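Participant: okay, here's the prediction I keep looking at, along with the sequence it came from:
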Amino acid sequence: MADTSAPQAAAKVAVVTGSESGIGRATALELARRGYDIGVTWYVDEAEGRATAELVRGYGRRAEVRPLDLSRLPGPEQVVDEFADSFGRLDVLVNAAGMNRPGPFTDLSYEDFREVMSVDLEGPFLLGQRAALRMIGQGEGGRIVNVTSVHEHTPLPSAAAYNTAKHGLGGLSKSMALELAGHGITVNAVAPGLVATAMSGMAGVDVRTVHRPALPVSRPGDPREVASLIGWLASEDAAYTTGQSYVVDGGFTIANPQFTTSNFGADD
């Protein structure tokens, strides 16, 4: 007897940059849990990128892994097309890759400033452009989430390049949202505060064991607490939400404590 059942719809696909660790990895796993196949990118450690892919497969989802060095633009943004070609579609892009070059403004070299701009701002611009073109071509809408920082809204001392890039990425997110809404593509920013990641020197730490009394929620955030919001923004439930920046910072911005990277740690 012929099989008359309707063909299954292709699984939705998300590309998450910086998904070898931290917020990127947590986001890849959150989206896999929600039923997405995942494009994983790594920069420092290929083995960690492949470890993320194995965790994604543990949810019964497909995963592919690619290197991504956003300090050498243009060119690396083509990874979006590589994933879309391989999976057959693209529904979500999460720009989670980022870096910082801390130090006093007067000591900041042009080379370091340019590198942070490339990774934290120009990379998301080019990746977002490629993703938007793919989504427009599919004609089914899509989601783009840019991971900025609480320092999109208030500056971190001795981090002029980082602050500039994150402020710029917040503005870029709004411009993208305005222009892409007519195609059914939403664009939002998520702005983490102090989160237990490699960038803050707390990768893998149990956040319940770390006390940060200057924060109203007196501990660092867990990457999964950021990823859960990104997961919602990628969902159909968030179809009417665009052009916003969502702060996940344990109350840092309402308390406005004065701090430096030495007593708090950088965010991710």
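Facilitator: Good, I have the coordinates.
Participant: alpha carbons only for contacts and neighbour counts from here, please
Facilitator: Noted.
Participant: residue ranges for the helices of the chain, please.
Facilitator: Here the chain has its helices, by DSSP state H, at 22-33, 46-57, 79-87, 110-117, 123-138, 160-180, 223-233, 252-255.
Participant: gap between the second one and the chain center?
Facilitator: Remark: helix 46-57 is offset 17 Å from the chain centroid, using C-alpha atoms, centre = their mean, to the nearest Å.
Participant: please begin residue numbering at 23 from this point
Facilitator: All set: I'll call the first residue 23, so the last point we hit is now helix 68-79.
Participant: ok and that helix relative to helix 44-55, angle-wise?
Facilitator: Relative orientation of helix 68-79 versus helix 44-55 (axes from the mean of the first three to the mean of the last three C-alpha atoms, to 10 degrees): 30 degrees.
Participant: check the fourth one too.
Facilitator: Inter-element angle recorded for helix 132-139 and helix 44-55: 20 degrees (by the same axes, to 10 degrees).
Participant: which parts of helix 132-139 are buried?
Facilitator: Residues of helix 132-139 classed as buried: Phe135, Glu137, Val138, Met139 (neighbour count, 16 or more other C-alpha atoms under 10 Å).
Participant: got it, and the last one?
Facilitator: When burial is assessed from 16+ other C-alpha under 10 Å, helix 274-277 yields the following buried residues: Phe274, Thr275.
Participant: repeat that for the fifth one.
Facilitator: Going by neighbour count (16+ other C-alpha under 10 Å), the buried part of helix 145-160 is Gly145, Pro146, Phe147, Leu148, Leu149, Gly150, Arg152, Ala153, Ala154, Arg156, Met157, Ile158.
Participant: how near is the second one to Ala33?
Facilitator: Applying C-alpha to C-alpha, to the nearest Å, one obtains 24 Å for the distance of Pro146 from Ala33.
Participant: lowest-confidence helix or strand of this structure?
Facilitator: helix 274-277 (a mean of 86; mean pLDDT, DSSP states H and E).
Participant: could you dump the buried residues of helix 145-160 into CSV with pLDDT and distance to Glu104 added?
Facilitator: Below are the buried residues of helix 145-160 laid out as CSV (pLDDT from 0 to 100; distance: C-alpha to C-alpha, whole Å):
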residue, pLDDT, distance to Glu104
Gly145, 98, 16
Pro146, 98, 16
Phe147, 98, 17
Leu148, 98, 14
Leu149, 98, 12
Gly150, 98, 14
Arg152, 98, 11
Ala153, 98, 11
Ala154, 98, 14
Arg156, 98, 11
Met157, 98, 14
Ile158, 98, 17
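Participant: tell me how many other residues crowd Asn122.
Facilitator: Around Asn122 there are 22 other residues, counting by other C-alpha atoms under 10 Å.
Participant: surely it touches Tyr184?
Facilitator: Yes. Using C-alpha atoms under 8 Å, Asn122 is in contact with Tyr184, at 5.6 Å.
Participant: spit out the residues that contact these two alike.
Facilitator: With contacts taken as C-alpha atoms under 8 Å, 6 or more residues apart in numbering, Asn122 and Tyr184 have Val138 as neighbours in common.
Participant: which sections of the protein are below the confidence cut-off?
Facilitator: Judged by pLDDT under 70, the chain has its weakly predicted residues at 23-32, 220, 222-225, 229, 279-290.
Participant: if you set the cut-off to 80 instead, what comes out?
Facilitator: Within the chain, the stretches with pLDDT under 80 are 23-32, 218-233, 235, 239-240, 242, 278-290.
Participant: about what we covered before: just give me the closest of the buried residues of helix 145-160 to Phe127.
Facilitator: The closest of those to Phe127 turns out to be Gly145 (C-alpha to C-alpha; 22.9 Å).
Participant: nearest residue to that closest one in space, please, no chain neighbours.
Facilitator: Once flanking residues are discounted, Gly145 sits nearest to Leu92: 5.6 Å by C-alpha to C-alpha, 6 or more residues apart in numbering.
Participant: in this structure, which residue is closest to the centre?
Facilitator: The residue lying closest to the centre of the chain (C-alpha atoms, centre = their mean) is Ala118, at 2.2 Å.
Participant: that'll do, ta.
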